[in-house]
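Asks: Got a sequence here, can you build the structure:
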Amino acid sequence: MESDIEVVGEAGTAADALVRIPAVRPDVAVLDVRLPDGSGVEVCREIRSANPDIKCLMLTSFADDEALFDAIMAGASGYVLKAIRGNELLTAVRDVAAGKSLLDPVATARVLERLRDGGKDKSDDKLANLTDQERKILDLIGEGMTNRAIGEQLHLAEKTIKNYVSSLLSKLGMERRSQAAAYVARRQASSEQRDS
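Replies: Reported below is the predicted structural model:
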């Protein structure tokens, strides 16, 4: 009914969304945080890592700092409550499509505070945010291994490794795997200096 907005597809599950979104390439994907078979945040992370031009607007039933934090780290451009009125949702879609960030200011302030607190800590504390699997993958990146080689070594799909790499890079505040490799090299060099 809106002349500037066209619905190009729908999906009821995370699995469907991961197939439909890349196929129809919308400007904005509106994702429920909780899906029957998974998380909209994971869908956002996968879609954004494969198609950075597609913006994601997260919908959720209640304000949850952890879900907001995860959504921001996954690359979501917006995060709104389902209680939003129809015309407000249309405005949110337009804003996100125009490149604006649309995040609840109070919840965002709490998340930014959490990020700042983490930012004051030493690099070891950054590593504490990584899962065991992400740490293993970080070490293998430091050894110069490709996603495919890491996947073969850990018996995981290359796409799964790519998602882990995206997650660990965002947790470490990095954009490229070369930064992660340099980070590992610096850590190894400084620990060798301490040992000698």
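Asks: middle-most residue in this structure, spatially?
Replies: Nearest residue to the geometric centre of the chain (Cα atoms, centre = their mean): A74, 1.3 Å.
Asks: if I look at it, how far off is E88?
Replies: Taking Cβ to Cβ, to the nearest Å as the measure, A74 falls 23 Å from E88. Every residue, glycine included, has its C-beta placed from N, CA and C.
Asks: now swap in D132 and tell me
Replies: For D132 relative to E88 (Cβ to Cβ), the value is 41 Å.
Asks: So, low pLDDT: which residues of this protein?
Replies: Along the chain, the model assigns pLDDT under 70 to residues 62-65, 104-125, 190-196.
Asks: If we use 80, what do you get?
Replies: Along the chain, segments meeting pLDDT under 80 span 61-69, 72-73, 102-126, 185-196.
Asks: mind listing the strands for it?
Replies: 28-32, 34-35, 38-39, 55-60, 78-81, 102-103 (DSSP state E).
Asks: Need the ones you listed in a markdown table (columns: distance to G12).
Replies: Supplementary listing: the strands of the chain in a markdown table, determined by distance: least, Cβ to Cβ, whole Å:
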| stretch | distance to G12 |
| --- | --- |
| strand 28-32 | 10 |
| strand 34-35 | 8 |
| strand 38-39 | 12 |
| strand 55-60 | 14 |
| strand 78-81 | 20 |
| strand 102-103 | 24 |
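Asks: hey, which of the ones you listed is tucked in deepest?
Replies: strand 55-60 (a mean of 24; mean count of other Cβ atoms under 10 Å).
Asks: who touches it?
Replies: By Cβ atoms under 8 Å, 6 or more residues apart in numbering, the surrounding residues in contact with strand 55-60 are 27-34, 40-41, 43-44, 47-48, 67, 71, 74-82, 84, 92-93, 96-97, 99, 102.
Asks: One more pass at 7 Å, please.
Replies: Contacts of strand 55-60 with the rest of the structure, by Cβ atoms under 7 Å, 6 or more residues apart in numbering, involve 27-33, 40, 44, 47-48, 67, 71, 75-82, 92-93, 96-97, 102.
Asks: cool, stretch 9-25 as well?
Replies: Residues contacting stretch 9-25 (Cβ under 7 Å, 6+ apart): 8, 26, 29, 31, 35-39, 42-43, 46-47, 50-51, 54.
Asks: Could I get the buried residue list for that stretch?
Replies: A11, A14, D16, A17, L18, R20, I21 (16 or more other Cβ atoms under 10 Å).
Asks: for stretch 159-168, same thing?
Replies: Result for stretch 159-168 [16+ other Cβ under 10 Å]: buried residues T160, I161, K162, N163, Y164, V165, S166, S167, L168.
Asks: ok, these vs A149, which is closest?
Replies: Checking these against A149 by Cβ to Cβ gives I161 as the nearest, at 9.1 Å.
Asks: wait, what's in contact with the closest one?
Replies: Counting by Cβ under 7 Å, 6+ apart, I161 has contacts I137, N147, I150, G151.
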